[in-house]
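Asker: Build me a structure from this.
(3 chains)
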Amino acid sequence: MPKKLPLFTKKLIIWYLHNKRDLPWRGKNDPYFIWLSEIILQQTRVAQGLPYYLKFTKAFPTIKDLAMATEAEVLKLWQGLGYYSRARNLHHTAKYIHSELNGRFPPDFKGLLKLKGVGDYTASAIASICYNEPTAVVDGNVYRVLSRVLGIDLPINSSSGIRVFKELAQLYLDPEQPGTYNQAIMEFGARYCVPKNPECGTCIFKEECVAFNTNSVSELPVKLKKAAVRKRHFNYLVILSEDDKTILNQRTKKGIWQQLYEFPLIETSEELAIESLLSHRDFQSFSKKFEIASVTLYNEQPVVHKLSHQHLITKFWIVETNTIACDGTPISSIKEYAVPVLIENFISDFPAI
DNA sequence: CAGGCGTGGGC
DNA sequence: TGCCCAAGCCT
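Answerer: The predicted model follows:
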């Protein structure tokens, strides 16, 4: 005997069946494609992730194809999408599943959760969509919809909030069609119960939504503030050598843009004028290896590249040298390297490259 | 477990 | 412009 569903659940699923978008991973239940789409969509809007999903499924039609690729190929394809640890974990997990699990995904939530890059949300999504396992997802959309409809002002980034919203999501889940329910509540949050100025007047939950009926939609969900953004000053040395080469370094330390490439970087606590650059310790050691002909500032106004947690105030210095840079990178092959958007924007804008 | 991790869009 | 937010995860 099926359990009686809450009215919320029924209305939500009916809304979804009439309003869902036709997305390429919808209607599939192959865990490879669902996993791939879920990793791409972590903290990422559909509009931004969709072209990457198409690129990846074309380049790697099976998990074996992904496992056989190099990390450099995967990162290059991921370039521009951000949160690059997702790409490294994706590749790591593909290789692991291919070689250790005979190409088959773990068959349940618990097993999926052990995969690198797969947390509570992603394991729930794959388990519910691919295996019909009744595990509720809790993402930003779920927090927003539940906090408003139920009128809950518990901070969503507190440990108690995380626990309570997970329990509520599970309570309203349709155990007969968990995948449909999970996608329905996320789609509703993404398309109707949006963060700012939702159209509450025509909402299907107008009658029962606590936030709407107490005029507190704009106050929910509650989120505790995080630390302020940090400012960093980046000085990139764009080397142009006699033999049309430049220098690219790979960022190997932990921190932003791990494994991606960039020009030689001098980071300082304050903005640098040309005199300070020329006398800087790192520049001095650089000039011992190269015969420097000229140094000019490319952008008079520093480029401010904004990450979610830091602002990178950036100057690009064009350094012409008379040196034959035998271990340099040919300028013509720069585009083969995975670089951050900050660097990609410079390259696109710079005539000599 | 608080902080780190990208980029782009909306208002 | 500045700030928030987005189909979160890792350490």
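Asker: could you say what helices and strands the worst-scoring helix or strand of chain A on mean pLDDT packs with?
Answerer: For chain A, the helix or strand with the lowest mean confidence is strand A:303-306, at a mean of 85 (criterion: mean pLDDT, DSSP states H and E). Strand A:303-306 sits against strand A:310-321, helix A:341-349, with contacts defined as 3 or more C-beta pairs under 8 Å, 6 or more residues apart in numbering; DSSP states H and E. For every residue, glycine as well, the C-beta is placed using N, CA and C.
Asker: Out of these, which gets nearest to DNA strand B?
Answerer: helix A:341-349 (3.7 Å; C-beta to the nearest atom of the strand).
Asker: Next, the buried residues of that closest one.
Answerer: Using 16 or more other C-beta atoms under 10 Å as the test for burial, helix A:341-349 gives A:342, A:343, A:346, A:347.
Asker: quick one: that helix near DNA strand C?
Answerer: No: Helix A:341-349 stays clear of DNA strand C (C-beta under 7 Å from any atom of the strand), getting no nearer than 12.5 Å.
Asker: Can you name the residues in contact with the least confident helix or strand of chain A?
Answerer: By C-beta atoms under 8 Å, 6 or more residues apart in numbering, the list of residues contacting strand A:303-306 from outside reads A:229, A:311, A:312, A:313, A:314, A:315, A:316, A:341, A:342, A:345, A:346.
Asker: Now for the nearest residue to the last one once chain neighbours are set aside: which residues touch it?
Answerer: For residue A:346, ignoring the flanking residues on the chain, the nearest one in space by C-beta to C-beta, 6 or more residues apart in numbering is residue A:316 at 5.6 Å. If you count contacts by C-beta under 8 Å, 6+ apart, residue A:316 has them with A:236, A:238, A:263, A:297, A:298, A:299, A:303, A:346, A:350.
Asker: which of the residues in the least confident helix or strand of chain A are buried?
Answerer: For strand A:303-306, by 16+ other C-beta under 10 Å, it's A:303, A:305.
Asker: hmm, that strand in reach of DNA strand B?
Answerer: Yes: judged by C-beta under 7 Å from any atom of the strand, strand A:303-306 and DNA strand B are in contact via A:305, A:306.
Asker: mind saving the C-alpha coords of that strand as PDB?
Answerer: Provided in PDB are the C-alpha atoms of strand A:303-306 (Å, rounded to 0.1, in the frame of the first residue of the first chain):
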ATOM      1  CA  VAL A 303      42.500  44.100 -14.400                       C
ATOM      2  CA  VAL A 304      40.500  43.200 -11.400                       C
ATOM      3  CA  HIS A 305      39.600  39.500 -11.700                       C
ATOM      4  CA  LYS A 306      37.000  38.600  -9.100                       C
END
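Asker: Quick check: closest non-adjacent residue to residue A:199.
Answerer: Closest residue to residue A:199 apart from its sequence neighbours, by C-beta to C-beta, 6+ apart: residue A:192 at 7.3 Å.
Asker: wouldn't the one you found be in contact with residue A:203 here?
Answerer: Yes: the pair residue A:192 and residue A:203 passes the contact test of C-beta atoms under 8 Å, sitting 6.6 Å apart.
Asker: Which residues of chain A lie near DNA strand B?
Answerer: So chain A meets DNA strand B at A:43-45, A:47-48, A:80-85, A:158-159, A:196-197, A:226-227, A:230, A:254-258, A:305-310, A:340-342 (C-beta under 7 Å from any atom of the strand).
Asker: So residue A:159 versus DNA strand C, what's the distance?
Answerer: 11 Å (C-beta to the nearest atom of the strand, to the nearest Å).
Asker: How about the backbone phi and psi for that residue?
Answerer: Residue A:159 has phi and psi values of phi -60, psi -40 when expressed as degrees, to the nearest 10.
Asker: Perfect, that will be all.
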